[in-house]
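Quick one, what's the 3D model for this:
(one chain, ligands or ions: 1)
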Amino acid sequence: MRIKNLALHWQIFIGLLAGVLLAVFSRMFNFEPFVTERVAILGTIFLRALKMIIVPLIVSSIISGVTNIGDAENFGRLSLKTFAYYITTSLFAILIGLLFVNLISPGTGANFGFQQVPENLQTTAQGFGDIILRIIPTNPLASMVKGDILPTIFFSILFGFFITKSPDPYRQQLTDFFQGVFEVMMRLTHLIIKFAPIGVFALIAKIIAQTGLDAFAPLFRYMITVILGLLFHATITLPLLVYFLGGISPLAHFKAMSAALMTAFSTSSSSATLPLTIDSIENNAGVSNKVSSFVLPLGATINMDGTALYECVAAMFIAQVYGIDLSFGQQLIVVITALLASIGAAGIPMAGLVMITIILKAVGLPLEGIGLILAVDRILDMLRTSINVWSDSCGAVLIAHSEGETGLKVLRQKAN
Ligand code: ASP
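Alright, predicted model coming up:
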C-alpha cells in the first residue's frame, strides 16, 4: 500500500481531513449515531492505548532523565532553565490573551438568552495553596495508580536524583533498570503511534459529529478572540524565541513536530500526546534523550501556554458578559491565577475549563459563568492543547541548544 510509505504526519493529516468529512456528511445525511457510536470505538482504542503508557512512560522517562543529567549542579541548571522557560512563555501567552480580549471585547454588550448549567463538572474549590500541596504525594504509588501526574513527577524527580546519590552497585543497577524500562516504553510507543492516523480520524469524526457547528454562532467573537491569541502566540512569540535564542528554524521545527501537534489537536490531551512528543523531538528534531526525557513530561503537565491564554480570555469574557469592569489590580490577579490554573490543570481534555473557577473565585465573578462558554470548550481545547505541546517542544529544542547539543536537526543553517 502506497499510503504506508507516506510520512506519518501526512497520514495523520489525511486521517484528520477524512474524519472532518465523515462527520460533516453524517450530520448532512443523519447518520451521526454510526459515527459517534461505531467509528468512535477506533478513537477510544487509540486513546486507551496512549493512556495505558502514560504513567510508566512518565516515571521511567523522568527517572532515567534525571539520572542521565548526573550531578546536582547539572540538574539544578537544567531545572532552572526549564522552569524559567515555562513560566516566561506562559506569562507571554496570558498577556497576549489579555491584550486581545481587551481589544476585541467579545463579551461586552453580548446578550446571552441562554445559560447552560455545567453538567458533571464539579467546580474546583481549590485555591493556590491546594495546588502546591497536591504536588507532594502522601502515597506515591496511589498517585501513580490514580494517574495523578504532578505528584508522580515530583516523586520520580526525587527518586531519580537520589539514585545518583546512592553508592554503587545500586546506583548503576537502578540507572540501568530505569533506562531499560524507558527503552521498552518507547518501543511500545512506536507501535501505538503507527495507529495514530486511524485514531485521529475517529476522534475528530466523533467530536464534530457530536458538536456540529451550530453551537458556535453566539460565541463566535469569543472563539475568534481565543483563536487569534493562540495563533499569535504560536506563530509569532514562540517562533521568534526559537529563532533568536536558539538559532532554530521555526518551520523546520514545526515540520518535525507536526505528527505530535495533530495528535494533540485530536486528542485534546497533552499527556496522551506525550509519547508522540518525545518521539518527534528525539527522532525528528534531534534533541537528546537526556533533555527530552526531563523537559517534556514536566512540560506536558505544567507548561500549558494555550491553556493559560485561554483561562485569561475566558475569565475576562465572563466579566464582560456580566458587565463587570475589572480594575487593573483585578486584571493582575487574573494574570497570576491564570498562570497557576494552567500549571495546575492536568493534561487531559477540558481540564482547563474547570480550572477557570479558580480565577473566577479570586476576582469575585459568578462561578456559573463557565456555563456560558461550555458549548465551545471542546473545540477550543483542541487548539489550546496543540499550542501547549508546541510550546513544550520549543522549550525542549531551546534548552537542548543552550546545553550545547550538536545533534539538532532543526537549526536554521541546515538545509533540512
Ligand atoms: N486539554 C489540555 C491539555 O491536555 C488542558 C486544558 O484543558 O486546557 O493540554
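
right, is the helix or strand hosting S292 up against the ligand?
When secondary structure is defined using DSSP states H and E, the element that contains S292 is helix 289-302. No - Helix 289-302 stays clear of the ligand (C-beta under 6 Å from any ligand atom), getting no nearer than 7.4 Å. For the C-beta atoms, the positions are set from N, CA and C on the backbone; glycine is no exception.

Around the ligand, pick out the residues from the chain.
Contact residues, the chain versus the ligand (C-beta under 6 Å from any ligand atom): 268-270, 304, 307, 345, 347-352, 381, 384-385, 388.

In helices only, show me these.
Among those, DSSP state H puts S270, T307, A351, G352, D381, R384, T385, N388 in helices.

which among those residues end up buried?
For these, a burial check counting by 16 or more other C-beta atoms under 10 Å picks out S270, T307, A351, G352, D381, R384, T385, N388.

Name the nearest of the ones in helices among the residues of the chain next to the ligand relative to L360.
Sorting those by how near they are to L360, with C-beta to C-beta, puts G352 at the top with 13.1 Å.

so the closest one touches D381, yeah?
Yes - with contact defined as C-beta atoms under 8 Å, G352 and D381 form a contacting pair (6.9 Å).

mind showing which ranges of the stretch 301-416 of the chain have poor pLDDT?
By pLDDT under 70, the weakly predicted segments of the stretch 301-416 of the chain are 413-416.

For it, give the residue positioned nearest to the ligand.
Sorted by distance to the ligand under C-beta to the nearest ligand atom, the residues of the stretch 301-416 of the chain start with G352, at 2.6 Å.

Please list all residues in contact with that residue.
Under the criterion of C-beta atoms under 8 Å, 6 or more residues apart in numbering, the neighbours of G352 are M304, T307, Y310, E311, A341, S342, A345, D377, D381, R384.

if you skip the residues just before and after it, what's nearest to it?
For G352, ignoring the flanking residues on the chain, the nearest one in space by C-beta to C-beta, 6 or more residues apart in numbering is T307 at 4.3 Å.

So which elements touch the host helix or strand of L50?
Assigning secondary structure by DSSP H and E places L50 in helix 40-69. Counting contacts by 3 or more C-beta pairs under 8 Å, 6 or more residues apart in numbering; DSSP states H and E, helix 40-69 is packed against helix 72-104, helix 149-164, helix 170-193, helix 196-211, helix 270-283, helix 289-302.

between those helices, which gets the lowest average pLDDT?
Of all the helices and strands packed on helix 40-69, helix 196-211 carries the lowest average pLDDT, namely a mean of 83.

Could you figure out how far that helix is turned away from helix 170-193?
Put simply, helix 196-211 runs at 60 degrees to helix 170-193, going by axes from the mean of the first three to the mean of the last three C-alpha atoms, to 10 degrees.

What lies in contact with the next helix-or-strand element following helix 196-211?
As assigned by DSSP H and E, the chain's next helix or strand after helix 196-211 is helix 220-232. Contacts of helix 220-232 with the rest of the structure, by C-beta under 8 Å, 6+ apart, involve 93, 96-97, 99-101, 104, 106-107, 110, 216, 306, 309-310, 313-314, 317, 373, 376, 379-380, 383-384, 387.

Ok, stretch 73-81 next?
Contacts of stretch 73-81 with the rest of the structure, by C-beta under 8 Å, 6+ apart, involve V66, I69, F161, T164, V291, F294, V295, I399, S402, E403.

List the buried residues in it.
Neighbour-count burial for stretch 73-81, with 16+ other C-beta under 10 Å as criterion, is recorded at F75, L78, S79, K81.

can you redo these as a markdown table with distance to I14?
A markdown table is the format used below for these (distance: C-beta to C-beta, whole Å):
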| residue | distance to I14 |
| --- | --- |
| F75 | 42 |
| L78 | 38 |
| S79 | 40 |
| K81 | 38 |
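
Just give me the closest of these to L245.
Taking C-beta to C-beta as the measure, L245 sits nearest to K81 out of the buried residues of stretch 73-81, at 11.0 Å.

And the pLDDT for A125?
Reported pLDDT at A125 in the predicted model: 47.

oh, I was asking about G129
Here, the pLDDT recorded for G129 equals 68.

residue contacts, the residue lying closest to L203 once chain neighbours are set aside?
In space, L203 comes closest to G43 once its chain neighbours are excluded; the distance is 3.8 Å by C-beta to C-beta, 6+ apart. The neighbourhood of G43, defined by C-beta under 8 Å, 6+ apart, consists of G199, V200, F201, A202, L203, A205, K206.

rerun that using 7 Å as the cut-off
With contacts defined as C-beta atoms under 7 Å, 6 or more residues apart in numbering, G43 is in contact with G199, A202, L203, K206.

Kindly provide the distance from it to A272.
Relative to A272, G43 is positioned 11 Å away (C-beta to C-beta, to the nearest Å).

Okay, now stretch 156-173: how far is its last residue from its first?
Distance between the two ends of stretch 156-173: 17 Å, counting by C-alpha to C-alpha, to the nearest Å.

For that stretch, which residues meet the burial criterion?
Applying a neighbour-count criterion of 16+ other C-beta under 10 Å, the buried positions in stretch 156-173 are S156, I157, F159, G160, F161, I163, T164.
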